[in-house]
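# Predicted model and sequence follow; I will ask about them next.
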Amino acid sequence: MEILKKLAKTAAAVIVGAGLMFLLMRYGSFESGIPYTYVNPGIIVLAVFAAVLGPIPGFLIGFIGHFFVDLSWGDVWWSWVLSSAFFGLAIGSFRKFYRINEGKFGFNEAGLFTLIQATVNVLAYVFVARVLDMILFNEAFTKITIQGMAAAILNTAVILVFGSLALFGYSKFLKKYILPENRADANVSTIDIKDLAKLVAARMVFGLFLISAVIIFFVSEMVNFQMVNYENTVKEMTENHLRASVQTLSRLIPAEELDLFRTVEDKERPEFQRAREQLKEFGEEYNVLFAYYWRDYGNGMIQYIIDNDSDPETQVGPGDFEPLEEQAALNALAGMVDVTDLGAYTLEWEGLLTAYAPVFDSLGNVYAVAGVDIQDDFILIQRQDAHNMKLLQLIAIPLAVILAVINMLLYRRKTREIEAAHIKLQYFNNNLRRAFSTYLSEDVVEEIVSDPSRLQLGGIKRHMTVLFTDVKDFSNIAEALAPEQLVDLLNYYLSTMSDVILEQKGTIDKYQGDAIVSFFGAPLEVSDHALRACVSAIIMKRLEAEVNNYVADKKISPMPLLTRIGINSGDMVVGNMGTQKKMNYTIIANAVNLASRLEGLNKQYGTWVLASEATILETAGKLLTRQLDRVRVVGINEPVRIYEVLDIKADAKPELTETVDRFHTALDIFKTHNWNEAEAAFNRVLEINPNDGPSKVYIKRCRQFRDAPPLENWDGVFNFSEK
């Protein structure tokens, strides 16, 4: 009978220990600050119970507790379950040395406990677990990592502090209240023993409720923490959506068109109806409830201009006025984009969250304000739920077990709601991506979506490559076309060439008529930015035949589109430049100016793609290029060696390679000032390619220098005074 009672007590202790281990491992683990490293309070319970109860209970607690933790996560990882069981078995095997049940657990015993549990911790969770991973799951043994050692050390330290204190307190409790030799009267009556048993039972019951309450408090605080995190996430992503939407709206209808709508009668104008349809399409595309414009009417009032409301009863227009009260609206009139205070969000006004952005006229003055409203009560619900969780904590002790179940159910329910909210906000961000993807590379768009603060003024210094393009004689083409034809031509040409740049991870800086300014190496840092820029130029030249076939078929250009390109690499400042009212993600540096000069220099040499020596040296010899000159261009005093970029070396035709070889031979002769022989050598280049521009330039120079030789101290640099 006594054996059965002892087994029952041991079984109860195992259940309690495994349950506490489960709760703390399932809900109490937290990151330590070291990547992939967690502090696990459940291991404290396992170590303490194993030290008190012995090896078999320690083994069972470790096995059962860890098993149900893994099961609750959906997948039992047997290597770690067995490691926890081994941890409990090993610590429990030294139970008699700890002298806990004798009431003599002191500093020496705590030191021994720490040494044993630290050793077993490393063996179990760093070594045994990895060996079992290799055996059971065929995983590489190289998974013994610095993070694993760090986790073992951190958990050893936690067990040292909290585990030793728990064992010390439990041992002293036994010594003072339980052990017979420590009572004043060892010959107590049966009634005294029963009273003592009741006292111990009462203490145990109180202790269990207290432990349960602490666990509930801990779990509910974790839920609160998650609630706040998700609330902040929703607020931040909602604000990002509001800002992106209203900024797009502020550029949708220009100030000049809005100025047409000043009186109620203007609502009958066809322009007003077209504008309203634009706003309706905008609202559907960007998932906003209301989109509208208003202007400052003076005397603290605003005059509505137009909105996207489909209900004639609630539509607003030039005949509707309202007091100017919100700070966000005042900020918009001052030229800033602002959002109403999400932190003070209530449902008093139809659950609307609002953002405003200024609409600038052609002179850069704020003419009107664009506004968007979205309906999203999720922020308020999150705050109310977090408050409700705090109220639950007040009744955690009498309803400990019930609250544990409620908390888990609430947590799961909120998780589903949060997932739904994330899907919705992902849709918002997809709209944001679509708004910017036409002008920026995917990498720039992702940076803006992930961190809207990047839309602030400022730049960083970075080594990059810049590429300039320009169409030969485009002014003559433009003069021959009607405006509509010119727009169609530019849209087709710029789209085709821009796609090449974006595919090579370049960023479009700006369009200047037919010209494209782009750069490589920001915002995404790529080590081969120079090669990507040159490859972009080569592909653009390859596409010219296709482009001009399309242009000819559609009859949208009187002559072919031939692109000149300049490329240079160097240190540049990249970032958002301009003012708070209008900024542009762009680059500035002397290296940028040089690329522009090289593009124009193509006209002098009869070439199409020129690059500086700084760029060519970074292409790892993968391109077929030819050295042309050392030049000094307008605005840059330092001479620069320039190269013509012809093709990717692996793709180059033999005739082109032979042309380059003959040209370099002729150039070497030219440098010896043997003008007659150099002219003959350049003529041999023309035998392969009669239209070779650089060879014709050098033949002309040979003849000039033969008649009027250069000065003896000439440094070989050719100066160009035209851009």
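Thanks, I have the structure now.
# Wait, a helix at E618?
No - secondary structure of E618 (DSSP: H, G, I helix; E, B strand; the rest coil): coil, not part of a helix.
# pretty sure it is touching A533, no?
No - taking Cβ atoms under 8 Å as the definition, E618 is not a contact partner of A533, at 9.6 Å. C-betas here are computed from N, CA, C, even on glycine.
# overlap in contacts of these two?
Residues within reach of E618 and of A533 at once, by Cβ atoms under 8 Å, 6 or more residues apart in numbering, are 465, 569.
# Of those two, which one has the most company?
A533 (30 against 18; other Cβ atoms under 10 Å).
# For the more buried one, which non-adjacent residue is closest in space?
T465 (4.3 Å; Cβ to Cβ, 6 or more residues apart in numbering).
# same question, G65
M21 (3.2 Å).
# Show me what the helix or strand hosting the one you found is packed up against.
Taking DSSP states H and E as the definition, one finds M21 inside helix 2-27. Counting contacts by 3 or more Cβ pairs under 8 Å, 6 or more residues apart in numbering; DSSP states H and E, helix 2-27 packs against helix 42-53, helix 55-73, helix 190-250.
# buried stuff in the host helix or strand of the residue nearest to A533?
Assessed by DSSP H and E, T465 sits inside strand 458-471. Within strand 458-471, the residues scored as buried using 16 or more other Cβ atoms under 10 Å are 459, 462-471.
# Tell me the one of these nearest K510?
F468 (10.7 Å; Cβ to Cβ).
# Contact partners for that closest one?
Applying Cβ under 8 Å, 6+ apart to F468 gives the contacts 515-517, 565-567, 595-596, 598-599.
# how about 7 Å then?
Applying Cβ atoms under 7 Å, 6 or more residues apart in numbering to F468 gives the contacts 515, 517, 565-566, 595-596, 599.
# repeat for P323
Applying Cβ under 7 Å, 6+ apart, the residues near P323 are 300-301.
# Checking D311 next. Helix, strand or coil?
Assignment for D311 (three-state DSSP): coil.
# and it, how many neighbours does it have?
6.
# Would you map the strands across the stretch 401-550 of the chain?
458-471, 506-512, 515-520 (DSSP state E, counting those that start in this stretch).
# Kindly export the last one (C-alpha atoms) in CSV.
Okay, so that is strand 515-520. C-alpha atoms of strand 515-520 as CSV (Å, rounded to 0.1, in the frame of the first residue of the first chain):
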residue,chain,number,x,y,z
ALA,A,515,17.4,60.8,-72.9
ILE,A,516,17.6,58.4,-70.0
VAL,A,517,19.8,58.9,-66.9
SER,A,518,20.3,55.7,-64.9
PHE,A,519,22.7,54.3,-62.4
PHE,A,520,23.8,50.9,-61.1
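# Can you list the strands that that strand pairs with?
strand 458-471 (antiparallel), strand 506-512 (antiparallel) (DSSP bridges).
# Quick check: closest non-adjacent residue to N331.
Residue nearest to N331 in three dimensions, not counting chain neighbours: D338, with 4.0 Å by Cβ to Cβ, 6+ apart.
# Now for that neighbour, how many residues are close by?
Neighbour count for D338, taken as other Cβ under 10 Å: 21.
# Would you confirm that it contacts A357?
No - using Cβ atoms under 7 Å, D338 makes no contact with A357, being 8.2 Å away.
# coming back round to it: pLDDT score for the residue nearest to A533?
Listed pLDDT for T465 reads 97.
# so it touches S527, yeah?
No - counting by Cβ under 7 Å, T465 sits too far from S527 to count as a contact (11.3 Å).
# what's the overlap in contacts for the two?
Common neighbours of T465 and S527 are not found (criterion: Cβ under 7 Å, 6+ apart).
# mind putting the buried residues of strand 458-471 in a markdown table, distance to S164 included?
Below are the buried residues of strand 458-471 laid out as a markdown table (distance: Cβ to Cβ, whole Å):
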| residue | distance to S164 |
| --- | --- |
| G459 | 55 |
| R462 | 53 |
| H463 | 56 |
| M464 | 58 |
| T465 | 61 |
| V466 | 64 |
| L467 | 66 |
| F468 | 71 |
| T469 | 72 |
| D470 | 77 |
| V471 | 79 |
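# which of those lies closest to V48?
When those are ranked by distance to V48 (Cβ to Cβ), R462 comes first, at 55.1 Å.
# Now do the contacts for the residue nearest to G65.
Contact analysis of M21 by Cβ under 7 Å, 6+ apart lists 42, 45-46, 61, 65.
# correct me, but A47 touches S164?
No - A47 lies out of contact with S164 (Cβ under 7 Å); the separation is 9.5 Å.
# Which one of those two is surrounded by more residues?
Using other Cβ under 10 Å as the criterion, A47 and S164 rank with A47 on top: 34 against 22.
# Kindly provide the distance from that one to A152.
13 Å (Cβ to Cβ, to the nearest Å).
# Lowest average confidence across the helices and strands packed on helix 2-27, which one?
Least confidently modelled of the helices and strands packed on helix 2-27 is helix 190-250, at a mean of 60 by mean pLDDT.
# Using PDB, list the CA coordinates for the very next helix or strand once past it.
Counting by DSSP H and E, the next helix or strand C-terminal to helix 190-250 is helix 255-258. What follows is helix 255-258, C-alpha atoms only, in PDB (Å, rounded to 0.1, in the frame of the first residue of the first chain):
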ATOM      1  CA  ALA A 255      -4.000  72.200 -60.000                       C
ATOM      2  CA  GLU A 256      -4.900  73.800 -63.300                       C
ATOM      3  CA  GLU A 257      -7.800  71.400 -63.900                       C
ATOM      4  CA  LEU A 258      -9.000  71.700 -60.300                       C
END
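# Which other helices and strands does helix 255-258 contact?
strand 352-360, strand 366-375 (3 or more Cβ pairs under 7 Å, 6 or more residues apart in numbering; DSSP states H and E).
# What residues of the helix holding M21 count as buried?
13-14, 16-27.
# mind giving me a markdown table with those residues and columns for pLDDT?
Output for the buried residues of helix 2-27, formatted as a markdown table (pLDDT from 0 to 100):
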| residue | pLDDT |
| --- | --- |
| A13 | 85 |
| V14 | 88 |
| V16 | 87 |
| G17 | 87 |
| A18 | 88 |
| G19 | 86 |
| L20 | 85 |
| M21 | 87 |
| F22 | 85 |
| L23 | 82 |
| L24 | 81 |
| M25 | 81 |
| R26 | 76 |
| Y27 | 76 |
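# and of those, the nearest to Y292?
Nearest to Y292 among those: Y27, at 47.2 Å, using Cβ to Cβ.
# Let me know the distance separating the closest one from V14.
For Y27, the distance to V14 - Cβ to Cβ - is 21 Å.
# L160 now?
24 Å.
# Also A595?
For A595, the distance to V14 equals 75 Å [Cβ to Cβ].
# OK, contacts around R662?
The contact partners of R662, by Cβ under 7 Å, 6+ apart, come to 684-685, 688.
# Kindly report the same for Q117.
Contacts of Q117 (Cβ under 7 Å, 6+ apart): 47, 91, 156, 159.
# Quickly check those for the two that are furthest apart.
I91 and T156 (11.9 Å).
# And those two? Which one has more around it.
I91 (30 against 20).
# The one helix or strand the more buried one maps to: what's the following helix or strand?
Counting by DSSP H and E, the element that carries I91 is helix 78-92. Next helix or strand after helix 78-92 toward the C-terminus (DSSP H and E): helix 95-98.
# ok, then the element right after that following helix?
Past helix 95-98, the next helix or strand by DSSP H and E is helix 107-122.
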